[in-house]
Structure formats: C-alpha cells, structure tokens
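Enquirer: Sequence first, then the predicted structure:
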Amino acid sequence: MAILCGGRGTRLQEHTQSIPKSMVEIGGRPILWHVLQIYLAQGFRRFLLLTGYLGEQVQRFVADETWPGDAEIRCLPTGEDTPTGGRLYGAAGELSAHGPFCVSYADGVADIDLGALLTAHERHGSAATMTVVRPELPFGVARLDGEDLVRGFSEKPRSEHWINGGFFCLEPAVLDLLRPDCVLEREPLERLAAEGDLRAFRHEGFWHCMDTYKDAVALNDLWEGGRPPWKLWG
C-alpha cells in the first residue's frame, strides 16, 4: 500500500516550519506512526511511503523505529511540491505490480474496518473505492422552525454531506489516468466518477484529519484521555 507523506502542512505552521506534516506528533508519536499502526493492526505488512517536503525526516523515522519483523516499510522520494496524483504516478511501477492496492493520506486517523473496505472493493468490481465520511461540524447549529423561531441547538453535529475520508482501494488501471502534475482528487477521480467507475465505502465510525493546529490539539487531547478511538492495536 502507499501512504502520501509529502505535504507541507501550511495550515499547521506552528508545527511544520521545521518538520513535514506527517511528522507532527500525537501523544509523542508522528501521526504517520498512528496511520501505519491502523494498517499494521489489520494485517498489512508492505508499505511505500511517498515522501516530499523534508522527506529525509520521514526516512530517518522509519529507520529508527521498531516495526514488526515481517513488515516492509520503504520511502520513495516523489518531489518536494508534487501533487497527490503525481506522487502516485511516480510510484506506478511498484504499485501496479501486485494487483489492487490501498492508498492513504498520512494526516488522518479512523477506526475503519479495512477488511470491510477491501471486501466492498472486490465485490463491486469498479476501478476505485473511496472511503467517505460525514465530519463533525466545527460549530454548533441552531434548529429553526417554519416561523424562524429558534427551537434549540445541536452542539457540533455531523455534516449531512459525505466527504473524501482518505482511505482508498485502487485497481492498477487507475494509474493510467495519472500525470506528473495531476491532483488525484480532481481530474482522475472526477473522470472515474463520470464513467461510473468510482464507488464509495461509507464509514460511519470515528474519523479525524489533522489539517489545522486546532485539529492537532483535539487529537492529542483524545490520545491523552486514554481511549483514542483510532487505536485498534493492543
């Protein structure tokens, strides 16, 4: 599987002026470590980390960390400012060699059932499966009636809309749609959707990305609380 680790994290500048986004810590460990643990806990053992901005720090982290003896974790530099589709394009030779493969971002955690994701992908036969989630809204919501009377409030409810949750399963044919300068989430996925070849895997459980400093604080608070929902390992 491939993990996209090349981002700068410009909205996390409190952390990412000297480290890549994937190395921002939750509970004293890089968020990348948490993403890897989600996959390791569910039987995944072969990982290709597609690095970019300050990628040598990711390489050092992989070399210095202790991993399961049967795990293979390698880094592939894919350019400092390469977009997501371009990073996968640069790894196409390796990713296409073993049939369907998973792709994930290095900045989001979830209590996702990866076995169920793989099963769904195998059953529907489409070229790509994208996990979708309904994120928690950052604000409380006022409940109004037909007369515009405020009937109450809901504190940070879930969105009614589904968004890209960042856990993918792709067929090698998807790599043929990529170019060095393309953004995976734009033309390639839009084309697959237009052709009816992109399916959604609905994840109703916990999901949280680390996009801002506030997100980093929230994830660290969950970890320090002792029961982080994404901790699927012992």
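Expert: It's in. Residues are numbered from 1 along each chain as shown.

Enquirer: Just the CA trace of stretch 2-10, in CSV.
Expert: C-alpha atoms of stretch 2-10 as CSV (Å, rounded to 0.1, in the frame of the first residue of the first chain):
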residue,chain,number,x,y,z
ALA,A,2,1.0,3.6,-0.5
ILE,A,3,0.9,6.5,2.1
LEU,A,4,1.1,10.0,0.8
CYS,A,5,3.6,11.7,3.1
GLY,A,6,4.8,14.7,1.0
GLY,A,7,2.7,17.6,2.4
ARG,A,8,4.0,20.8,3.9
GLY,A,9,1.0,21.3,6.3
THR,A,10,0.8,25.1,5.6
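
Enquirer: Identify each buried residue in that stretch, please.
Expert: Judged by neighbour count using 16 or more other Cβ atoms under 10 Å, the buried positions of stretch 2-10 are A2, I3, L4, C5, G6, G7, R8, G9. Backbone N, C-alpha and C define where each C-beta goes, glycine included.

Enquirer: Stretch 177-196 too?
Expert: Under 16+ other Cβ under 10 Å, the buried positions of stretch 177-196 are L177, L178, C182, L184, P188, L189, L192.

Enquirer: same question, stretch 121-129
Expert: H121, S126, A127, A128, T129.

Enquirer: for the fourth one, what are its contacts?
Expert: Think A128. Neighbouring residues of A128 by Cβ atoms under 8 Å, 6 or more residues apart in numbering: F168, C169, L170, E171, V174, L189, L192, D197, L198, R199.

Enquirer: Which single one of the buried residues of stretch 2-10 is nearest to V103?
Expert: A2 (5.0 Å; Cβ to Cβ).

Enquirer: in the protein, which spans are strands?
Expert: 2-5, 25-26, 29-30, 46-51, 72-77, 101-105, 108-110, 128-133, 141-144, 150-154, 163-170, 198-202, 207-209 (DSSP state E).

Enquirer: Let me know which of the ones you listed is the nearest to W223.
Expert: strand 25-26 (5.3 Å).

Enquirer: Let me have the buried residues of stretch 121-129 in CSV, adding distance to T78 and pLDDT as columns.
Expert: CSV is the format used below for the buried residues of stretch 121-129 (distance: Cβ to Cβ, whole Å; pLDDT from 0 to 100):
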residue, distance to T78, pLDDT
H121, 24, 97
S126, 26, 96
A127, 22, 98
A128, 20, 98
T129, 23, 98
